[in-house]
Structures are given as C-alpha cells and as structure tokens.
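Chemist: Got a predicted model here, sequence first, then my questions.
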Amino acid sequence: MMSDYNILFYLYLGIVSLLLFIFAMFVSLQLRFLTFYLLAFFKILNVSKSSFVFSFKDYQKFYHFYLTTADYFLSISLSELYLEDVSDLDSKKNIYVLLALAYRELSFIEIAKYYYLKALSLDPNNVQLSESLRQMYSQLGYRKDDRSLYRNSIK
C-alpha cells in the first residue's frame, strides 16, 4: 500500500517537472526575444549623450526594425511623425510609399490607396508606383482603375 503512494508521488513529481520544463522553455524564448529586441533597439539608437539628430537614415533603421518585429503600427506612427518634419519631396514620396506598404500589409486598402496616390502626385511618372497601385486594384477587382493605371504606366 505504501508503494502505491510512492508511485503516485513520483508520477506527480514527473508531471510537475515536465510542466515546469515546458514553462521554462516559453519563458526563455520570451527572454531571448526581449534581449534581442533591446539589443537591436540600442544598436539602432546609438546616440551620443550630447545631441540627438533624427535623420532619414535613422528613420529607415527604425522603420525596418519595426517591420522585422512585425510591429506595423509603430512603423506607421514613426512614419507619420517623421513626415511632419520632412521638407524634401523625394523623402516624402519614399515615406508615402512605406506608409502605403504598411497599411496594405495590415489590409487597410483604402488608406494604402491614399498614400500610393499621394506618392504618385509627387512623382507621376514613377512606373513602379503605378504598378504597385495597379496590382492592388487588380487584387481588389477594380478593373476600371486597373486599366487606366496600366495605360498611364505605358505612356
């Protein structure tokens, strides 16, 4: 009778140890991700203590960092914030394209369309932008807009 309790006790210890091991694996994965996230963030930041100037190159680093961590809303927020400070039209066009890509990835198609059109208004002869917008229209089934963009990209 005593050996039955010992078997149950060892079975209980085995199950608890297995569950704790699985839990420890999840915690270690989360700690590894947190460590990676913090190290990458500090590597990107790399700011001297005296001054902080946020350049377009810094913006691109942060944007791509947020994309690699699949944090689209932070990349969108960063883009919207940086868009207010940019006066160069080429940089604005690039930011509009990045915003369109992020919104398209999140399936906010109308907002993505808006930013594609804003980028096209700054560079109407850009075939790559027209093609991206045309593909988006084609996926949505907007045949009329799709054909007009195709004709404009050929010209």
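Modeler: Cool, got the structure.
Chemist: Show me where this structure has its helices.
Modeler: With DSSP state H, the ranges of helices along the chain come out as 2-45, 56-68, 72-85, 89-105, 109-122, 127-140, 143-154.
Chemist: Domain parsing of this protein, as residue ranges.
Modeler: 1-46, 47-154 (automatic domain parsing).
Chemist: Tell me how far the last one lies from the chain's centre.
Modeler: So the one you mean is domain 47-154. Chain-centre distance of domain 47-154: 12 Å, with Cα atoms, centre = their mean, to the nearest Å.
Chemist: re earlier: adding mean neighbour count, write the helices of the chain out as JSON lines.
Modeler: All C-beta atoms are positioned from the backbone trio N, CA, C, and that covers glycine. JSON lines is the format used below for the helices of the chain (neighbours: other Cβ atoms under 10 Å):
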{"stretch": "helix 2-45", "mean neighbour count": "10"}
{"stretch": "helix 56-68", "mean neighbour count": "16"}
{"stretch": "helix 72-85", "mean neighbour count": "16"}
{"stretch": "helix 89-105", "mean neighbour count": "19"}
{"stretch": "helix 109-122", "mean neighbour count": "17"}
{"stretch": "helix 127-140", "mean neighbour count": "17"}
{"stretch": "helix 143-154", "mean neighbour count": "14"}
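Chemist: coming back round to it: can I get the domains of the chain in JSON lines including mean pLDDT?
Modeler: Below are the domains of the chain laid out as JSON lines (pLDDT from 0 to 100):
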{"stretch": "domain 1-46", "mean pLDDT": "80"}
{"stretch": "domain 47-154", "mean pLDDT": "78"}
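Chemist: From S138, how far out is the most centrally placed residue in the chain?
Modeler: The centroid of the chain falls nearest to L67 when counting by Cα atoms, centre = their mean (2.7 Å). Counting by Cβ to Cβ, to the nearest Å, the gap from L67 to S138 is 24 Å.
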